[in-house]
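Asks: Below: sequence and its predicted model.
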Amino acid sequence: MAATPQKPAAATPRRKVSRHRGEGQWAAGHFTPLNGNEQFKKDDDGLNVRTRIETIYSKRGFDSIDPNDLRGRMRWWGLYTQRKPGIDGGKTAILEPEELDDKYFMLRVRIDGGRLTTQQLRVIGEISEEFARGSADITDRQNIQLHWIRIEDVPEIWDRLEAVGLSTTEACGDCPRVVIGSPVAGIAEDEIIDGTWAIDEIHDRYIGSKEFSNLPRKFKTAISGSPLLDVVHEINDVAFVGVEHPEHGPGFDLWVGGGLSTNPKIGVRLGAWVPLEEVPDAWAGVIGIFRDYGYRRLRTRARLKFLVADWGPEKFRQILEDEYLGRKLVDGPAPAEPTERWRDHVGVHRQKDGRFYVGFAPRVGRVDGATLTKIAEVAEAHGSGRVRTTVEQKMIVLDVEEAQVEPLVEALEALDLTARPSAFRRGTMACTGIEYCKLAIVETKARGAALIDELERRIPDFDEPITINLNGCPNACARIQVADIGLKGQLVLNDEGEQVEGYQVHLGGALGLQAGFGRKVRGLKVTSDELPDYVERVLKRFQDEREDGERFATWVTRASEEALS
């Protein structure tokens, strides 16, 4: 019997086989430049641009600067071009970089651990007055930023800073940024361990060294032995948090992979206890992993948090131990949750030597050169030669004798720098915003200062700890996702259908106590003009509905969308 003819099978479409390009990890052999940033870093190390600034650009002027230096390598020396005045937020993502660039720079002064002498502070103030039109902002990473800097003046500014032990080295760029530290390290009565030596050792060994001057992107470090957890350790690439080991005594709990921006992630514990003397080696191991295994193909994935998320803490610790340290780390305990809600050290506090430190609050970190000089004078007049900046855009005067505390507080008040601020002044932060930043869409500094004044007038009895963070764009420089009220700048429609400056609202974020990113209510946006009304409304609802001792962030998790709108 003849076989029944079969219908020919349909041809299977041939799949295009493409070779995976990898993630640009050097340790996997992916050295080929994969984007423009990797190319200019391969062409010339960012640290090398200083010579060109000193010998060419400062002499020939702004127009002589190579574009890859102007928008790339100059960051390694703390220099960003600032936004040209008069360009509205709607054009931020439309214009080419050269259309946004002003012929002036932001200059970031690197202040590791937030530690300054009054002499250093005075020099920064004098530089601000002479070269920066009096501008000065305290950042939420303990640095001080100046604006309106001309390239012609940069060598002279460097000379003055370096003469008093300051610098702008690797204050920006794809390199190890400032090491933030407890502003009361070595003096606080309740300190677990003083991390100052480790901060200095990391700075002296590695900052300005080409060993780590070409990273996939920026690298942020925090070191603190304070039980207040006062350096936002959860959102740094690497953090060393003071803990007491039951067998080995005080040391540090090691965290990696934190960060915010458009893909926020809380850092993870490696479960490792690190003694003080081993912190620099552990730090070098973690940053070495980032340099060698970090993702360089896509700029949007070039932060350590993405590698940690893919590997997990167990593999990360194993690679750190086996390939970089050559030994096992000691297992250790997690830090205890802080017992205090405020962690900014504002107010009057006793030091362990019996003297006092006094923390005070500028408005959203905005000061000026004359004020910085006056702070130095006031501190010295009341017996102190040391000041500190904090990660909350605040400042502290150390080493004040008891008899000088009230005179110091009064002198600061005369400068509009209160040591007894309202909850709103104490808890409101703002990024640079559209005034100077080329990425920004809306105003932040002036808006934040005005919001403080309005809330103090409208809700004078509000005394709960509250954080209100304003950001000019989605990049979260002002930590909007971890604020009680986070305000992300964007253009919104007002009641007349016009496009105006406004904010997307993010609620209930937190660090320290129950760290997390809180809650976004769908479609919850406010115009800049509506902002005081909105914040007043939501805070009064919180006052009406809260249970005894309930924090704002906790209330947000259970509140109705109507109550939050």
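Replies: Everything's here; your move. Numbering: from 1, shown residues only.
Asks: Tell me which residues touch the residue nearest to V442 when sequence neighbours are not counted, please.
Replies: Nearest in space to V442, with sequence neighbours left out and distances taken as CB to CB, 6 or more residues apart in numbering, is G489 at 3.5 Å. C-beta here means a position set from N, CA and C on the backbone, and glycine is covered the same way. Applying CB atoms under 8 Å, 6 or more residues apart in numbering, one finds that G489 lies in contact with 89, 433-434, 440-442, 444, 470-473, 501-503.
Asks: Show only the entries of those residues found in strands.
Replies: Among the contacts of G489, the members falling in strands (DSSP state E) are L470, N471, E501, G502, Y503.
Asks: and the gap between the most centrally placed residue in the chain and D112?
Replies: Nearest residue to the geometric centre of the chain (CA atoms, centre = their mean): R141, 4.7 Å. For R141, the distance to D112 equals 10 Å [CB to CB, to the nearest Å].
Asks: Please identify every residue contacting each of those two.
Replies: Residues within reach of R141 and of D112 at once, by CB under 8 Å, 6+ apart, are V178, I180.
Asks: May I see the ones in strands among the contacts of G489 organised as JSON lines, with pLDDT, distance to R269 and neighbour count added?
Replies: Written out in JSON lines, the entries for the ones in strands among the contacts of G489 read as follows (pLDDT from 0 to 100; distance: CB to CB, whole Å; neighbours: other CB atoms under 10 Å):
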{"residue": "L470", "pLDDT": "97", "distance to R269": "31", "neighbour count": "28"}
{"residue": "N471", "pLDDT": "96", "distance to R269": "27", "neighbour count": "31"}
{"residue": "E501", "pLDDT": "95", "distance to R269": "40", "neighbour count": "23"}
{"residue": "G502", "pLDDT": "96", "distance to R269": "38", "neighbour count": "24"}
{"residue": "Y503", "pLDDT": "97", "distance to R269": "33", "neighbour count": "28"}
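Asks: Report the separation between W158 and V123.
Replies: When distances are taken as CB to CB, W158 and V123 turn out to be 12 Å apart.
Asks: do H248 as well
Replies: The gap separating H248 from V123 is 41 Å, by CB to CB.
Asks: and Q142, what pLDDT?
Replies: At Q142 the predicted local distance difference test score is 98.
Asks: ok, now A93?
Replies: Spelled out, the predicted local distance difference test score at A93 is 89.
Asks: repeat for E337
Replies: Residue-level confidence at E337 comes out at 89, pLDDT.
Asks: List the contacts of G516.
Replies: Counting by CB under 8 Å, 6+ apart, the residues that G516 touches are I266, V482, G508, G509, A510.
Asks: Which member of the residues you listed is positioned nearest E162?
Replies: Taking CB to CB as the measure, E162 lies nearest V482 of the contacts of G516, at 35.0 Å.
Asks: Neighbours of that closest one, how many?
Replies: Neighbouring residues of V482 were enumerated by other CB atoms under 10 Å; the total is 26.
Asks: do D43 as well
Replies: Here the number of neighbours of D43 (other CB under 10 Å) works out to 11.
Asks: Return the distance of it relative to W76.
Replies: When distance is defined by CB to CB, D43 is 14 Å away from W76.
Asks: what about stretch 346-358, start to end distance?
Replies: Terminal residues of stretch 346-358 are spaced 7 Å apart (CA to CA, to the nearest Å).
Asks: List the buried residues for that stretch?
Replies: V346, G347, V348, H349, Q351, R355, F356, Y357, V358 (16 or more other CB atoms under 10 Å).
Asks: just the helices in the stretch 51-200 of the chain please.
Replies: 58-60, 67-70, 97-100, 118-131, 154-163, 196-206 (DSSP state H, counting those that start in this stretch).
Asks: out of these, deepest packed?
Replies: Of all the helices of the stretch 51-200 of the chain, helix 118-131 has the most neighbours on average by mean count of other CB atoms under 10 Å, namely a mean of 21.
Asks: contacting residues around it?
Replies: Applying CB under 8 Å, 6+ apart, the external contacts of helix 118-131 come out as 109, 116, 134-136, 144, 146, 148-150, 153, 156-157, 160-161, 163-166, 368-377, 379-380, 384-387.
Asks: relative to helix 154-163, how tilted is it?
Replies: What separates the directions of helix 118-131 and helix 154-163 is an angle of 170 degrees, with axes from the mean of the first three to the mean of the last three CA atoms, to 10 degrees.
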